[in-house]
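[1] Next comes the sequence, and after it the predicted model I'd like to discuss.
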Amino acid sequence: MRILIAEDNTAFAQVLQGQLRKSAIASDHVQTVKEAEQAIASLPYSAVILDLGLPDGDGLDLVRRLRQAGNALPILIISARHGLDDRVLGLRVGADDYLAKPFSVDELIARLHAITRRPGTMVGEVLHAGNVSLDTESRQVNIGSHRFVGRLREALILEVLMRHEGHVVRRGFLFDQLYGFDAKADANTVDVHIHRLRRQLSDMGATVVIHTIRGVGFMLVGSGSGAEQVASRIDKQ
């Protein structure tokens with residue numbers, strides 16, 4: 001799960017990111033409404049943690065614009081505004097939940113999981129491709145009757161590829177999913193993770209194969225399928 005934190009208090013946001021990381025929740029941090037809009041347009045986040053008092057505007061205006069545009073991205077408001085009227089207004093304009101500051105990080109994480117399990121979201125489900133299954137909430141991967149034990153980033157890559165089974169996933173998109181829109185990591189690390197994941201799948205007898213599409217990205221297909229033959233031809237071109 002990767003979420004966006006829109007909070008102008010950098011110290012608070014950094015502490016929050018550290019706590020979320022312990023629960024295997026990756027996050028990006030922005031400080032303004034404008035930066036939040038740009039980030040949401042750049043990456044398919046699982047949810048947004050949104051402070052209302054941002055320097056360039058009220059977070060409620062961002063919620064309104066997203067909902068008016070038909071964007072159902074789960075939004076959890078965090079705010080120092082404690083009144084019942086504030087909470088009601090936040091939920092009325094389209095937020096999924098409202099948490100008044102100060103709050104327990106454990107409660108925030110529980111609420112994040114709750115709003116991202118709701119129908120229409122991208123988490124809280126089990127994906128299947130060949131004999132591989134992946135629980136998108138726990139990150140548990142099974143290959144046949146065996147449990148796959150690997151690094152978190154390999155599981156994240158596998159999830160993205162399984163969601164796009166039979167289709168090319170661009171290298172840049174995978175990089176953004178792993179490191180966020182403002183990461184300084186080396187882009188070649190994607191290839192390192194892919195190489196390791198490919199070997200692990202093969203060693204455990206997975207009936208899916210990851211093909212490299214030169215100059216573009218990667219494609220996960222069932223081994224021995226027509227799609228694999230097509231992917232192999234593309235890769236050789």
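    Perfect, I can see it now. Here the structure is a predicted model, which means the values were calculated and not measured. Residues are numbered from 1 along each chain as shown.

[2] you'd agree residue 144 is up against residue 133?
    No. Look at residue 144 against residue 133 with CB atoms under 8 Å: they stay out of range, at 9.4 Å. C-betas here are computed from N, CA, C, even on glycine.

[3] Determine how far the last residue of stretch 112-128 lies from the first.
    Terminal residues of stretch 112-128 are spaced 24 Å apart (CA to CA, to the nearest Å).

[4] what does the longest helix belonging to the chain contact?
    Taking DSSP state H as the criterion, the chain has its longest helix at helix 189-203. Helix 189-203 is contacted from outside by 132, 143, 148, 150-151, 153-154, 157-158, 171, 174-175, 178, 208-210, 212, 218, using CB atoms under 8 Å, 6 or more residues apart in numbering.

[5] In helices, which of the residues you listed fall?
    In this view, the contacts of helix 189-203 that belong to helices under DSSP H are 153-154, 157-158, 171, 174-175, 178.

[6] So which of the residues you listed is surrounded by the most neighbours?
    Each of the ones in helices among the contacts of helix 189-203 was scored by neighbours using other CB atoms under 10 Å; the highest score is residue 158's, at 27 neighbours.

[7] Can you list the low-confidence ranges for this protein?
    Applying pLDDT under 70 to the chain flags the ranges 82-84, 118-125, 137-138, 180-184, 224-237.

[8] all helices of it, in order?
    10-22, 33-42, 59-68, 84-93, 105-116, 152-163, 171-179, 189-203, 226-236.

[9] which one of the ones in helices among the contacts of helix 189-203 sits closest to residue 26?
    residue 178 (8.2 Å; CB to CB).

[10] From residue 154, how far out is the nearest residue to residue 204 once chain neighbours are set aside?
    Leaving aside its chain neighbours, residue 204 sits nearest to residue 143 (4.5 Å; criterion: CB to CB, 6 or more residues apart in numbering). To residue 154, residue 143 is 13 Å away according to CB to CB, to the nearest Å.

[11] again, but for residue 56
    Distance from residue 56 to residue 154, by CB to CB: 38 Å.

[12] Please work out how many residues are found near the residue lying closest to residue 6 once chain neighbours are set aside.
    In space, residue 6 comes closest to residue 36 once its chain neighbours are excluded; the distance is 4.2 Å by CB to CB, 6+ apart. Using other CB under 10 Å, residue 36 is surrounded by 25 other residues.
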